Every structure is written in C-alpha cells, then in structure tokens.
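Asker: Need a 3D model of the following:
(chains A, B and C)
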Amino acid sequence: MPELPEVEAYRMYVETALFESPIQKVELLREKVMKSDWKEFKKQTEGQRFISTKRIGKYLFMQLENKKWVLFHFGMTGKPEFYQSKEVQPKHSRLIIHFESGLKLSFVCMRLFGRVELVNSIEQYQKEHKLGIDALEVSQSDFSDYLSSRKAAVKTVLLHQNAFAGVGNWIADEVLFQSEIHPEIRAHKLTKKQLERIYDDLQEVLKIAVQKQANYHEFPEHFMVKERWGDGNCPKCGEELKRIVVGGRGTYLCENEQAG
DNA sequence: CGGCCTGTTTCCAA
DNA sequence: CTTGGAAACAGGCC
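Answerer: Numbers count the residues shown, from 1 in each chain, chains lettered A, B, ... in the order given. Here you go, the predicted structure:
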C-alpha cells in the first residue's frame, strides 16, 4: 500500500534485519520488475552487505558497501517481506535476496507495476527521473509556488512527484478533505490562505500516518480515509461521501464540506 | 462479465 | 518545448 507513510514503514521494517548478513545471492522470478541489466545487478549485489537506507517519497533506496543503491519502487501493490528458508515463499514474490544467514527478503508485487533497480547516485537519479524532494521536506513557499504555477485540478497536482514526492491517491483526498477544498479546483486559482492551509494539512496527515506506520485502523476519528475504505460517511457532517473521477483516479469527497 | 484499485510512464493534442 | 489528459500496464476481487 505504498504512499509515503507506507514506504516509510517498509523502510523501518527492512532495517530490522537488512544489515545483519551479506547477500549470498539474488534471484529474479519475474524479469518484468528488474529495470537494470540483470547480470550487472547480480554482479554488483552478490557478496555485498547493506549499510544504510534512504527514502524519498515512495522510493526506497538501500545502500551497499560498494556505495551503489538497490532501489525498490512498489507500484500499487508491492511490499518487502522477510522469511526464513524453511518458511513458504510469499505469494507474488518477484525478486528474492538471499542472505548468508539463511534469511531471505522478497520483493512482493502482485500487479507487476513495481520495479527494482541498481542506482549509482541518488542525486543523479533524482535529476534523471525528475524526482522531487520528499513531501515532508518541502517548504511552504516552494509548495505554494508550485501549485500556483499549475492549471490542472489541485488533486492532480498534489499527485505530481517532481516538485515534492510521496503524495498518493488517498493522501491527496484526505488532505483536501481536511482543508475543505474541492479536488477539482484548479491549482493556480487557490488563494494564499488556501495554499497555506493545504500545506499545513498535508504535513499533518503525513506525520500522523507515518507515526501510525500507515495502519489506517489507528488513524484519528476525523480522518476521512477510514470511511472511504469502509464505504461510509463524512466524519464531520455525516453526509454520505461522494465518489468522482479526477485525473482518471477515484476521488472521494464530502460535497457539504468541500463545496469550493 | 464489468468495474474497481494505495502508481508511473507514455503517447497525443493543445 | 511545455502542459494536461487519457490510455496502458497486470492481476485479483466483488
């Protein structure tokens, strides 16, 4: 379930066992998820130990002793999963990292939208792929300037990964609900005050979701996302939530609270 | 069977 | 060249 908070939870999860033992071998079960040259990936990873991790938006980087990074991008349905040799391999495993200790790390990805690749430099990767800074790091003024420069629906602009990275479909909906902004308002038409409110709510939603390790059962009562996944009503006024499509994505809102 | 889904990339048109 | 919007990608679930 990978938006910024989910990927941060994955980062902490892999850190629980990632550094303990060197990689014995890597095994590719579905070529589709391997974005780098497989032979090169194998050569650069086998025998190496992981030494650190870094997350930017929805991208998880894991650094090796040789300073190269293994990048996991989870698409819509990906997740990392450790398992022991005697345990059954997780369903939809696409790539397995075998450690010398016998522990294995699976890149699980049901729909094959996720990708694994070898990255030489994160800065270079960000430049080449137009990946912005993490959404938790963006400043109020950069945030406002970017939204003001875009004519698309505000929800669509929040999903862009190139100015600030990590916002996905449910977070965009939740933030606009908290800010009482209709998702189809054009971003450049927002007032300074509205932009400030959206920024504050974005930071708040991200921080709470990270703190709860993206476990939405533990989200606060005033969050709309719980209702959204439970087919429910507005936590503020009780009105039934409405589903529309914005930028091709399912979008939930309360028409009372988010009139304009 | 049709519709839906937490994401990105690619293609096309303006 | 930039921007916005739609389609494509894949598999499982209801």
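
Asker: Correct me if wrong: A:Phe164 contacts A:Gly132.
Answerer: Yes - with contacts defined as CB atoms under 8 Å, A:Phe164 counts as touching A:Gly132 at a distance of 5.0 Å. (C-beta placed from N, C-alpha, C; glycine too.)

Asker: Any part of the helix or strand hosting A:Ile208 near DNA strand B?
Answerer: In this structure, A:Ile208 sits in helix A:192-211 according to DSSP states H and E. No - residues of helix A:192-211 are not located near DNA strand B by CB under 7 Å from any atom of the strand, the shortest gap being 10.9 Å.

Asker: can you count the residues close to the nearest residue to A:Gly166 once chain neighbours are set aside?
Answerer: Closest residue to A:Gly166 apart from its sequence neighbours, by CB to CB, 6 or more residues apart in numbering: A:Leu4 at 3.1 Å. Neighbours of A:Leu4 under the rule other CB atoms under 10 Å: 26.

Asker: these two touch, right, A:Leu4 and A:Gly132?
Answerer: No - with contact defined as CB under 8 Å, A:Leu4 does not count as touching A:Gly132 (11.9 Å).

Asker: still on that earlier bit, residues that sit against both of A:Phe164 and A:Gly132, list them.
Answerer: Taking CB atoms under 8 Å, 6 or more residues apart in numbering as the criterion, A:Phe164 and A:Gly132 both touch A:57, A:138.

Asker: quick one, strands of the stretch 151-260 of chain A?
Answerer: A:164-165, A:242-246, A:249-253 (DSSP state E, counting those that start in this stretch).

Asker: quick one, what contacts A:Lys192?
Answerer: Contacts of A:Lys192 (CB under 8 Å, 6+ apart): A:Ser144.

Asker: quick one: it and DNA strand C, what's the gap?
Answerer: Distance of A:Lys192 to DNA strand C, given as CB to the nearest atom of the strand, to the nearest Å: 19 Å.

Asker: Next: A:Glu65.
Answerer: The span separating A:Glu65 from DNA strand C equals 34 Å under the rule CB to the nearest atom of the strand.

Asker: State the pLDDT value of that residue.
Answerer: Note on A:Glu65: pLDDT of 98.

Asker: Could you give the number of residues near it?
Answerer: Using other CB under 10 Å: A:Glu65 sits among 11 other residues.

Asker: nearest to DNA strand C, of the strands of the stretch 151-260 of chain A?
Answerer: Evaluated with CB to the nearest atom of the strand, the strands of the stretch 151-260 of chain A place strand A:242-246 nearest to DNA strand C, the distance being 7.8 Å.

Asker: could you check whether the closest one is close to DNA strand B?
Answerer: Yes - looking at strand A:242-246 against DNA strand B by CB under 7 Å from any atom of the strand, the contacts come from A:Arg243.

Asker: Packing partners of that strand?
Answerer: Contacts defined by 3 or more CB pairs under 8 Å, 6 or more residues apart in numbering; DSSP states H and E place strand A:242-246 against strand A:249-253.

Asker: Kindly calculate the angle that the strand it packs on makes with strand A:242-246.
Answerer: Relative orientation of strand A:249-253 and strand A:242-246, computed by axes from the mean of the first three to the mean of the last three CA atoms, to 10 degrees: 140 degrees.
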